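Chemist: with the input below, show me the fold.
(chains A, B and C, ligands or ions: 2)
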Amino acid sequence: QERNAEAQRPSLVLQPIAEWEPDNAKWGANYPREYESYARTALDTTKTKFGGAFPRDYLDEFPQLVVLFAGYGFSKDYLQARGHAHAIEDATNTKRIKVPVNAGTCWTCKSTDVPRMMAKIGVKEFYAANWHDLKKDITHPIGCQDCHDPATMRLRITRPALREAFQAMGRDIDKATHQEMRSLVCAQCHVEYYFKTDPAEGKKNYLTFPWANGTTVEAMLEYYDAMDFADWTHAVSKTPIIKAQHPDYEVYSTGIHAYRGVSCADCHMPYRTEGGVKFTDHHVRSPLLNIANSCAVCHRWSENDIKTRVEAIQTKVANARKATETAVVQAHFDVAAAMEAGATDDELAPARKLLRHAQFRWDYVAANNGMGFHSPQECTRILGEAANEAQQVRILIARLLATKGKTAAPSHPDWSTRDKAWAAVQAFVKGQPPKMLP
Amino acid sequence: QERNAEAQRPSLVLQPIAEWEPDNAKWGANYPREYESYARTALDTTKTKFGGAFPRDYLDEFPQLVVLFAGYGFSKDYLQARGHAHAIEDATNTKRIKVPVNAGTCWTCKSTDVPRMMAKIGVKEFYAANWHDLKKDITHPIGCQDCHDPATMRLRITRPALREAFQAMGRDIDKATHQEMRSLVCAQCHVEYYFKTDPAEGKKNYLTFPWANGTTVEAMLEYYDAMDFADWTHAVSKTPIIKAQHPDYEVYSTGIHAYRGVSCADCHMPYRTEGGVKFTDHHVRSPLLNIANSCAVCHRWSENDIKTRVEAIQTKVANARKATETAVVQAHFDVAAAMEAGATDDELAPARKLLRHAQFRWDYVAANNGMGFHSPQECTRILGEAANEAQQVRILIARLLATKGKTAAPSHPDWSTRDKAWAAVQAFVKGQPPKMLP
Amino acid sequence: MAWLTLAPLARGWRIATFGGLAVALGMAIVVARISNAASYLTDAPETCMNCHVMTDAYASWQRGSHGHVAVCIDCHVPHSNPVAKNAFKAQDGLRHSWVYLTRQEPQVFRLSKGAVPVVQGNCLRCHADQIAMVRLAASSERPCWDCHSNIHGEARSLSASSQTLRPQLPATGLPWMKR
Ligand SMILES: [Ca+2]
Ligand SMILES: [Ca+2]
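Modeler: Ligands and ions are numbered 1, 2, ... in the order given. Next up is the predicted model:
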């Protein structure tokens, strides 16, 4: 009976929170349950079959990534993500940050200080700044300020890139429903992006989401191809490559849960009841660590059945991914072999175009979190197309090599471990590629 | 409770039904609702985006099938299935039936007279008989006798092949639950099969399901490879091919509905109420023609939302299927080109083995009904692997051609319409293949 | 009568036992008071609302297909005879009170094993006529709500994010961003 009162939450605000308040602890004084659960995102020892919050070293586990990202930061250092509380620490420590100058843009998705700084110095100026100069002002990891209005606690969009991406699609993000907002706050960060530098528009390293044509992999490829964009030139095959980064929202949008209106927060921040109080669990993490509150609310199967099914889906994606990676790696080396045989850039253009597409398709799935669970059929479809394209590259190269009088299959360097793959790739970076043709 | 239900049923029986009674109308006298709905399977004018009950001509619509089945009956005549009431008529009229001798086995899944005849002349003898000789005894299309015990109306297995397949897997079909039986009656026919001829075991055209290692596509390939089975040798590439036929039960078994215990009858024979009485709708058909009773009882979405989602799933499978078909067709022609260049069977063995696998994988999905809906991720995965294998065939051939001094891509004959494809294929059948190399 | 005064027991044991009983009785009165015990003798759904943790079940029942035709105990208590009915009520009620008062309620509520046949039996009780033709009554492996999942609406339980029950506030944007 008395606990009925507990359930009827009065306005608990003890101290008003200042606009742009970056300090999560200050918010926490008013909302202790949310704060305490948020604080648990610091935990980094949980493991699931394909995910969880611990710094899994992707390059040790999947040496093929070293080849796939040859000549780019991701072949040096690439770890599995941990909880939100680690964002600043992890971004600071990664070897992908360049010294002495790195884009300020990299801070955008790591800290509650970002909206404050953007309001202070301006959005364009924030992006154009040097990462190392901003560092002293960026001290609070992802937290309350990123998703909430301090006055009303309503969800709000604090990152301009998402708002602009909606505009580019002709949509108005202010018309989003409450349920959509429960995913859109995540879509501020868990999306594919690139840095746009365009002196005409006064933009330098301007954070942009490539959504003008839509958020599918095809729509993004069309977008990037139209502007001839590349993040880097592949060290082995000299192909202009687009890096895909965590298109979680985009992949999710094609899945059955998005179709049925289930939001990110429904699974990753389910309600929890303590005493008589129902609140949102701010320990954002893998739902497989909390199936009861997350999935089982809608799916009245046993927890074990749920886990088994998710892993079965993920295993199929993991296998398809492996097969695709092998094909794409081989395609890169094959192209290099054609270069060894003296093929010109013109001759290689069709193969490189296909290879660029294959790699982006693959990365769209690989870089997205959850090993395909967010949209099983879509991820499997895209990986199938990527493999198909990569093998077509190899057909083109086999024919090209034939015209150069080379009839044997190129012998690729060993990439079976991280170290071997690194050594193989460095040879290309240094301009001393190994001999692959007899 | 069991006895309650039992107690009510016999009171409805007006006239006892004889064991092996093939005449559906006789059963119908006792169960008019079931009979009347069954009779509606004669309707053949319903269309859905990818299915429905009308004699869609697959070869007109997908000319690539003419090439894929080159040298086999399916390249002559292949229609979409209609309702159960048409089974005898359609099997009689298809040009796939050989004259004057055709396996009696072909009758197995078409008529209620089959259990009666098997009881009379023996199972082995039935299979070994000539189709044309059995014809006069096979007059009643698929019906009550195929699924029901006339004394109790319980579901029962009337086809030995399914019982034997369970034995081969080490399972006992008599232990199946009531809910499993609601799918297993369909699995008597809606499954992949082959005709086993083994004089040692006294078997001729003995209907067998290739399930000893399991029912996945991998398990079946392993099974067929171990016995070096082929239905025919492909007219273009001279590859030994296994035909996959409607593995509906096998594909369904990998999907989410089977995982959650939803049976074929739940969707294809949903309950219906008339005058306050609930009965099983025996108008077996596409559930998309009856979403309200079929899907919408479990899925409380709008009918339109359900249909849209199903079609989105199917469209992805249809596109993947098309891409795979193109790759497999090209692989067949490429192999033929290598033969033109003088490649030996030994040289071609690895390519043909891959091609055999690619084609079976593709057909496992293509021959299964529902355009992948029964298991979207699994179908998409398999198609991806098939395309990958087919392109690998083409890499091998490009290299082989190179060793024969042929550096240009082979030019394939035109297969863009049914007639053109037929002409192209006939040239190979007649041993006068077109010139594909310069 | 010796067993009533517990004469065979040592004095200390007697005091402890009667003391314990007294405390238990007192607690029972308190529990009865807190929990509106008298209301459990009735069949009104509001009874179940004595516990806020039943709110989601109540709300979903109200919105579900039976909100106007059946009350909680029509489904959740056996109706074969009054003895079975009240015995089940007492046994279940006591367990729930214990769980509730000790704050051990799970995050997600599910029918207990014993409750499944009770509920299924009640579906049959009302709908026997309609399902006489089909072999559903015999099917103990499959409860009716496998298909008729809307009895309580779609997403239920203590921790369901029942959007329908929450006010739909419009989203807000930042002024400096709108430019
Ligand atoms: Ca990117
Ligand atoms: Ca077959």
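Chemist: make it CA atoms for all contacts and neighbour counts henceforth
Modeler: Noted.
Chemist: what about residue C:148, distance to chain B?
Modeler: From residue C:148 across to chain B, the span is 6 Å (Cα to the nearest Cα, to the nearest Å).
Chemist: and that residue, helix, strand or coil?
Modeler: coil (DSSP: H, G, I helix; E, B strand; the rest coil).
Chemist: count the residues that sit near it.
Modeler: Neighbour count for residue C:148, taken as other Cα atoms under 10 Å in any protein chain shown: 16.
Chemist: confidence score at it?
Modeler: Looking at residue C:148, its pLDDT reads 89.
Chemist: interface residues of chain C facing chain B?
Modeler: Counting by Cα under 8 Å from any Cα of the partner chain, the residues of chain C lying close to chain B are C:129-135, C:137-139, C:141-142, C:146-150.
Chemist: quick one, which of those are buried?
Modeler: C:130, C:131, C:132, C:133, C:135, C:137, C:147, C:148, C:149, C:150 (16 or more other Cα atoms under 10 Å in any protein chain shown).
Chemist: and the longest helix for chain A?
Modeler: Longest helix in chain A, counting residues (DSSP state H): helix A:303-340.
Chemist: is it up against chain C anywhere?
Modeler: No. Counting by Cα under 8 Å from any Cα, chain C is not contacted by helix A:303-340; separation bottoms out at 11.3 Å.
Chemist: in that helix, which residues are buried?
Modeler: Judged by neighbour count (16+ other Cα under 10 Å), helix A:303-340 contains these buried residues: A:306-307, A:310-311, A:313-318, A:320-325, A:327-339.
Chemist: do the same with stretch A:273-292
Modeler: For stretch A:273-292, a neighbour-count test (16+ other Cα under 10 Å) marks A:273, A:276-288, A:290-292 as buried.
Chemist: and that stretch, is it in reach of chain C?
Modeler: Yes. Using Cα under 8 Å from any Cα, we find that stretch A:273-292 touches chain C at A:273, A:275, A:276, A:278, A:292.
Chemist: now, the most widely separated pair of the buried ones among the residues of chain C next to chain B?
Modeler: Farthest-apart pair in these is C:133 and C:150; separation 23.1 Å (Cα to Cα).
Chemist: quick one: the helices in the stretch 301-438 of chain A, in order.
Modeler: Applying DSSP state H, counting those that start in this stretch to the stretch 301-438 of chain A gives helices spanning A:303-340, A:345-366, A:376-403, A:418-429.
Chemist: which of those sits closest to residue A:124?
Modeler: Nearest to residue A:124, of those and by Cα to Cα, is helix A:345-366 at 27.3 Å.
Chemist: give me the angle between the closest one and helix A:303-340.
Modeler: 170 degrees (axes from the mean of the first three to the mean of the last three Cα atoms, to 10 degrees).
Chemist: next, the angle from helix A:345-366 to helix A:376-403.
Modeler: Using the same axes, to 10 degrees: helix A:345-366 against helix A:376-403 is 160 degrees.
Chemist: packing partners of helix A:345-366?
Modeler: If contacts are counted by 3 or more Cα pairs under 8 Å, 6 or more residues apart in numbering or on different chains; DSSP states H and E, helix A:345-366 sits against helix A:217-226, strand A:240-241, helix A:303-340, helix A:376-403.
Chemist: mind putting these in TSV, mean pLDDT and distance to residue A:435 included?
Modeler: Shown next, in TSV, are those (pLDDT from 0 to 100; distance: least, Cα to Cα, whole Å):
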stretch	mean pLDDT	distance to residue A:435
helix A:217-226	98	32
strand A:240-241	98	23
helix A:303-340	98	8
helix A:376-403	98	14
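Chemist: any idea which of those gets closest to residue A:61?
Modeler: Counting by Cα to Cα, residue A:61 lies closest to helix A:303-340 out of those; the figure is 11.9 Å.
Chemist: other SSEs contacting the closest one?
Modeler: helix A:64-68, helix A:345-366, helix A:376-403, helix B:376-403.
Chemist: need the residues that contact the shortest one.
Modeler: In this structure, residues lying in contact with helix A:64-68 by Cα atoms under 8 Å, 6 or more residues apart in numbering or on different chains are A:58-59, A:74-76, A:236, A:325-326, A:328-329, A:415-416, A:418, A:421-422, A:425.
Chemist: can you list the domains in chain C?
Modeler: Structurally, chain C divides into domains by automatic domain parsing as follows: C:9-41, C:45-169.
Chemist: any idea which of those has the lowest pLDDT on average?
Modeler: Across the domains of chain C, the lowest-scoring stretch is domain C:9-41, with a mean of 55.
Chemist: show me the contacts for the nearest residue to residue A:271 once chain neighbours are set aside.
Modeler: Nearest non-adjacent residue to residue A:271, counting by Cα to Cα, 6 or more residues apart in numbering or on different chains: residue A:280, 4.5 Å away. Going by Cα under 8 Å, 6+ apart, residue A:280 touches A:34, A:269, A:270, A:271, A:272.
Chemist: now these in JSON lines, with distance to ligand 2 and pLDDT?
Modeler: Formatted as JSON lines, the contacts of residue A:280 follow (distance: Cα to the ion, whole Å; pLDDT from 0 to 100):
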{"residue": "A:34", "distance to ligand 2": "59", "pLDDT": "95"}
{"residue": "A:269", "distance to ligand 2": "49", "pLDDT": "96"}
{"residue": "A:270", "distance to ligand 2": "48", "pLDDT": "93"}
{"residue": "A:271", "distance to ligand 2": "51", "pLDDT": "89"}
{"residue": "A:272", "distance to ligand 2": "52", "pLDDT": "88"}
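Chemist: can you list which of those are found in strands?
Modeler: A:271, A:272 (DSSP state E).
Chemist: by neighbour count, which of the contacts of residue A:280 wins?
Modeler: When neighbours are taken as other Cα under 10 Å, the top entry among those is residue A:270 (26 neighbours).
Chemist: give me phi/psi at the residue nearest to residue A:271?
Modeler: phi -90, psi 120 (degrees, to the nearest 10).
Chemist: quick one: the helices in the stretch 101-250 of chain A?
Modeler: Under DSSP H, counting those that start in this stretch, the stretch 101-250 of chain A gives helices at A:113-121, A:123-128, A:131-134, A:144-147, A:160-168, A:178-187, A:217-226, A:248-253.
Chemist: columns mean neighbour count on top of those, output as CSV?
Modeler: Formatted as CSV, the helices of the stretch 101-250 of chain A follow (neighbours: other Cα atoms under 10 Å in any protein chain shown):
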stretch, mean neighbour count
helix A:113-121, 19
helix A:123-128, 20
helix A:131-134, 17
helix A:144-147, 25
helix A:160-168, 19
helix A:178-187, 20
helix A:217-226, 16
helix A:248-253, 23
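Chemist: which residues of chain A lie near chain B?
Modeler: Going by Cα under 8 Å from any Cα, the residues of chain A near chain B are A:313, A:316, A:320, A:376-378, A:380-381, A:383-385, A:387-388, A:391-392, A:394-395, A:398-400, A:402-403, A:406-409.
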